[in-house]
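Asker: I would like to see how this sequence folds:
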Amino acid sequence: MIRPTELTSEEFAEIARWIPGPEPSVRRSKTPGGRFIPVCETLLDGNELRYLTECVTSNWISSAGPFVKRFESAFAKAAGCAHGVACSSGTAALHLALATLGIGPGDEVIVPAFTMVATANVARYLDAKPVLVDAEPVTGNMDPSRIEEKVGPRTRAIVVVHTYGHPADMDPILAIARRRGLAVVEDAAEAHGALYRGRPVGSLGDLACFSFYGNKIVSTGEGGMVVTEDDATARVARRLRDHAFSEERHFWHQYLGYNYRMTNLQAAVGLAQTERLAAFVEKRRANALRYTARLKDVPGLTLPAELPWARSVFWMYGIRVGDSFGPSRDELRGRLADAGIETRSFFIPIHLQPIYFREHRGESYPVAEELCRTGLYLPSGPGLSLSDLDFVAAEIERAGMRVAAKGGRRRKPSLGAS
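Answerer: Okay, here's the model as predicted:
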């Protein structure tokens, strides 16, 4: 039986200052009307029920149903690409993308140090090695100036994550890839509808991958998609997704394939959600504007920034709690939980994860580490009311003012404090 990777007490002591504490228990009694404010909640008030009913009444619930192709076409168009290959999850989409590129044993794939663990795991699924690059501090995206030093003779691809809905700076990354003969895969799981220099995120690299998990801007509950402009790449990805069945004869397999198919039921929900993608994006951007207006003058907080060449979608509104705020990030999360407000801490960087720690022991990614220590994101879903947003902001203001009112000393600011 597989056993979990456990760090020794000595190993954990090396990284303990960056690792968030246990998840706080959220109380539900203090919010307006006693309402729990979740970190994200999906809206299913469009054509979802009508399309699902059509699936059931027509008896098409498997991956062969017509909504799969309709969803692929609609979402690929929204992402600025000719082809969409719907999958069972965002992780499956990433794995499928790297497999389609032919990544295999001994290859190296450059990934951000600051990302959700799946971005690195998919390279491992193919017996390739994830090579880490630190973040830049404004958006938390991969720092383009630090990529080329990590390129070696075995490097095959760069996976670029558009973190928390903020487009990465793609032009310098694509220039490095062209110069060094590398493929570029966009991990756009959190960035549906975002734009980079006027172009949709997802249309910039060789392939892009999206997630449709329940908290994503477009959701199918679970699900994902690979998008690409290249006909041959799409053809191979479709083949690998479906056990690599041959077009020549059914039970004839020329590739090692996967069962990463999406059901007609999921695709029906995804199509209905894609029809309202623009509205979902505008609601998240409106949430961000409201939070920023309320929190911009709170000492010690760094708020998310939209860079001049980007149109961010603010999948989650992420703030950084500098030492001058007073309460630590974890203390603030606890106080918000007491008020019925759910939050999430930022990603724990790849090199600090137990399954990767020993391989990367001694490596330092200071921006990713500080993002991990200070960052959290606030409730950001499309169903939030103005009163919800104002309540969250007021509780944050109150947490900082509580220290000042007691005459407490604010700590010396560090990276992440304004």
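
Asker: helices of the stretch 101-250 of the chain, residue ranges please.
Answerer: Using DSSP state H, counting those that start in this stretch, the helices of the stretch 101-250 of the chain run over residues 118-125, 170-180, 231-241.

Asker: tell me how the protein divides into domains.
Answerer: Following automatic domain parsing, one gets these domains for the chain: 9-41+278-405, 48-274.

Asker: can you tell me which of those domains is packed in deepest?
Answerer: domain 48-274 (a mean of 21; mean count of other C-beta atoms under 10 Å). C-betas here are computed from N, CA, C, even on glycine.

Asker: low-confidence ranges, the chain, go.
Answerer: Where the chain drops to pLDDT under 70, the residues are 29-33, 402-418.

Asker: how about the strands in it?
Answerer: 83-87, 108-112, 129-133, 155-161, 183-187, 195-196, 199-200, 207-211, 224-228, 301-302, 310-311, 317-321, 344-345, 375-378 (DSSP state E).

Asker: any chance of those in CSV, with distance to Gly65 too?
Answerer: Shown next, in CSV, are the strands of the chain (distance: least, C-beta to C-beta, whole Å):
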stretch, distance to Gly65
strand 83-87, 11
strand 108-112, 34
strand 129-133, 36
strand 155-161, 31
strand 183-187, 28
strand 195-196, 32
strand 199-200, 27
strand 207-211, 20
strand 224-228, 16
strand 301-302, 46
strand 310-311, 34
strand 317-321, 36
strand 344-345, 34
strand 375-378, 35
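
Asker: which one of those lies nearest to Pro354?
Answerer: When these are compared by C-beta to C-beta, strand 129-133 sits nearest Pro354, at 15.0 Å.

Asker: tell me who's in contact with the closest residue to Val26 other than its chain neighbours.
Answerer: Spatial nearest neighbour of Val26, excluding adjacent residues (C-beta to C-beta, 6 or more residues apart in numbering): Ala337 at 4.5 Å. Going by C-beta atoms under 8 Å, 6 or more residues apart in numbering, Ala337 touches 24-27, 343.

Asker: ok, so of the residues you listed, who is nearest Val185?
Answerer: Distance to Val185 across these (C-beta to C-beta) is lowest for Thr343, with 29.7 Å.

Asker: the closest one and Glu395 touch, don't they?
Answerer: No - applying C-beta atoms under 8 Å as the test, Thr343 and Glu395 come out as separate, 10.5 Å apart.

Asker: find the residues that touch each one of the two.
Answerer: By C-beta under 8 Å, 6+ apart, the residues touching both Thr343 and Glu395 are Leu336.

Asker: now stretch 206-216 - C-alpha only, CSV.
Answerer: Presented in CSV, the C-alpha positions along stretch 206-216 are these (Å, rounded to 0.1, in the frame of the first residue of the first chain):
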residue,chain,number,x,y,z
ASP,A,206,1.2,26.0,-28.4
LEU,A,207,-1.6,24.6,-26.3
ALA,A,208,-3.6,25.8,-23.3
CYS,A,209,-5.4,24.1,-20.5
PHE,A,210,-8.5,25.2,-18.6
SER,A,211,-10.2,23.8,-15.5
PHE,A,212,-14.0,23.7,-15.0
TYR,A,213,-13.9,22.7,-11.3
GLY,A,214,-16.8,24.0,-9.2
ASN,A,215,-15.1,27.3,-8.2
LYS,A,216,-13.9,28.2,-11.7
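
Asker: residues contacting the residue nearest in space to the middle of the chain?
Answerer: Here the mean C-alpha position of the chain is nearest to the C-alpha of Glu190 (C-alpha atoms, centre = their mean), at a distance of 4.0 Å. By C-beta under 8 Å, 6+ apart, Glu190 lies in contact with 161-165, 211, 216-217, 315-316.

Asker: which of the residues you listed sits closest to His83?
Answerer: Ser211 (17.9 Å).

Asker: circling back to that earlier point, among the contacts of Glu190, which pair sits farthest apart?
Answerer: Among the contacts of Glu190, Val161 and Ile217 lie farthest apart (C-beta to C-beta), at 15.3 Å.

Asker: could you pull out the helices for the stretch 251-400 of the chain?
Answerer: 264-274, 277-295, 329-338, 354-360, 366-374, 386-405.

Asker: can you redo the ones you listed as a markdown table with distance to Asp169?
Answerer: A markdown table is the format used below for the helices of the stretch 251-400 of the chain (distance: least, C-beta to C-beta, whole Å):
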| stretch | distance to Asp169 |
| --- | --- |
| helix 264-274 | 27 |
| helix 277-295 | 20 |
| helix 329-338 | 26 |
| helix 354-360 | 24 |
| helix 366-374 | 14 |
| helix 386-405 | 29 |
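
Asker: among these, which comes closest to Ala93?
Answerer: That would be helix 264-274 among the helices of the stretch 251-400 of the chain, by C-beta to C-beta, at 12.8 Å.

Asker: need the contact partners of that closest one.
Answerer: 44, 46-48, 50-52, 54-55, 60-68, 70-72, 74-75, 78, 86, 212, 218-223, 262, 280.

Asker: and it, how far from the chain's centre?
Answerer: Helix 264-274 has its C-alpha centroid displaced from the chain centroid by 20 Å (C-alpha atoms, centre = their mean, to the nearest Å).

Asker: for that helix, list the C-alpha coordinates in CSV.
Answerer: Extracted in CSV, the C-alpha atoms of helix 264-274 (Å, rounded to 0.1, in the frame of the first residue of the first chain):
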residue,chain,number,x,y,z
ASN,A,264,-22.6,15.0,-22.2
LEU,A,265,-24.1,16.1,-18.9
GLN,A,266,-21.0,18.0,-17.9
ALA,A,267,-20.7,19.6,-21.3
ALA,A,268,-24.3,20.7,-21.2
VAL,A,269,-23.6,22.6,-18.0
GLY,A,270,-20.3,24.0,-19.5
LEU,A,271,-22.1,25.2,-22.7
ALA,A,272,-24.7,27.1,-20.6
GLN,A,273,-21.9,28.6,-18.5
THR,A,274,-19.9,29.6,-21.5
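
Asker: now the angle between strand 83-87 and that helix, please.
Answerer: If you take axes from the mean of the first three to the mean of the last three C-alpha atoms, to 10 degrees, helix 264-274 sits at 130 degrees to strand 83-87.
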